[in-house]
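**Q** predicted model and sequence below, questions to follow.
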Amino acid sequence: MVNVVVMGAAGRMGRAILSVCASDDEVRVVGAVEAPDNSAVGSEIEGVKVTSDLSSVIKEADVVIDFTHPEATLKALEVCRGEGVGMVIGTTGFKEEGRKAIEETSVSIPIVFSPNMSVGVNLLFKLVYEVAKVLGDGYDVEIVEVHHRFKKDAPSGTALKLAQMVADALGRDLDRDMVSGRKGMVGERGSSEIGVFAIRAGDVVGEHTVIFGGLGERLELVHKAHSRETFARGAVRAAKWLKGKEPGLYTMWDVLGIS
């Protein structure tokens, strides 16, 4: 049995995670946390009372699952480090200093940090790397992601991870070679460019398309999420895997045994 605390409990992902936990006999939710000004504080979700104070519920926890926003995640990270409790972090949109803080904290506690907890997307990461390796520099790579109109960061963390897989496979510098917008007379496409483009519309849960365009053919790898449950199940799977692990920074590849 793994005891978990769910951050962002009243949000779309938080509610999905709590629902998955409620149907899993190997998981017990010992706390649900929201921002102090959230109307859900003091109410119950899936039979768990929502609080605004992580410190008040973390004592019983083995793992904290966090899908919130960078500022809230980093505050929770400090609490978890102080209590020696591991974290599953699915929050995206971190700046370099935030990613560094997570890496430094992983020396003290075990952390699973992934921009996407879906099993299918993590297989996509692997496939994109392998395909880019085989196709090499003769194919143009463009990544298109589609999410709901409420998503705050762009491009998505998943799209950036896909782009990084391509850059790693081809020996490119993503900071230099990523293009996230084109307008006007931009000239011929550069051979080292990795295009990453974001679409925000309606209630789309998440779609990612990686295009490898060659002269005479095109290969596309596509993942479409039909509901947030796929991310929630991955996060809960990660929490169960993380219990008892040594301090370190892990990814969903570690959880899934992908090498």
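**A** That came through, no problem.

**Q** spatially nearest residue to G213 (excluding sequence neighbours)?
**A** What sits nearest to G213 in space, not counting adjacent residues and going by CB to CB, 6 or more residues apart in numbering, is D140, at 4.4 Å. C-betas here are computed from N, CA, C, even on glycine.

**Q** I'd say that neighbour and V210 touch.
**A** No. In this structure, D140 is not within contact of V210 by CB atoms under 8 Å, at 11.3 Å.

**Q** ranges for the strands of the stretch 151-259 of the chain?
**A** 178-179, 194-200, 206-213, 218-225, 248-250 (DSSP state E, counting those that start in this stretch).

**Q** out of those, flag the one nearest C80.
**A** strand 248-250 (13.5 Å; CB to CB).

**Q** helices or strands up against the closest one?
**A** Judged by 3 or more CB pairs under 8 Å, 6 or more residues apart in numbering; DSSP states H and E, strand 248-250 is in contact with strand 110-113.

**Q** for the next helix or strand after the strand it packs on, give me every contacting residue.
**A** Later in the chain than strand 110-113, the nearest helix or strand by DSSP states H and E is helix 119-135. Where contact means CB atoms under 8 Å, 6 or more residues apart in numbering, the residues beyond helix 119-135 that reach it are 114, 116, 141, 158, 161-162, 165-166, 168-170, 208, 210, 212, 214, 219, 221, 223, 225, 230, 233-234, 237, 252-253, 256, 258.

**Q** before we move on, the earlier item: mind checking how far the residue nearest to G213 is from E188?
**A** The spacing between D140 and E188, counted by CB to CB, to the nearest Å, is 11 Å.

**Q** so these two - more neighbours on which side?
**A** D140 (19 against 5; other CB atoms under 10 Å).

**Q** wait, I45 touches L18, no?
**A** Yes. Counting by CB under 8 Å, L18 is a contact partner of I45 at 5.5 Å.

**Q** what touches both of the two?
**A** Joint contacts of I45 and L18 (CB under 8 Å, 6+ apart) are 9, 32.

**Q** if you count surrounding residues, which of these two has more?
**A** L18 (23 against 19).

**Q** just checking, that one touches E34?
**A** No. With contact defined as CB under 8 Å, L18 does not reach E34; the gap is 11.5 Å.

**Q** quick check: buried residues in stretch 119-126?
**A** Neighbour-count burial for stretch 119-126, counted by 16 or more other CB atoms under 10 Å, picks out 119, 121-125.

**Q** returning to what we had before: who wins for proximity to I58 among the strands of the stretch 151-259 of the chain?
**A** strand 248-250 (20.0 Å).
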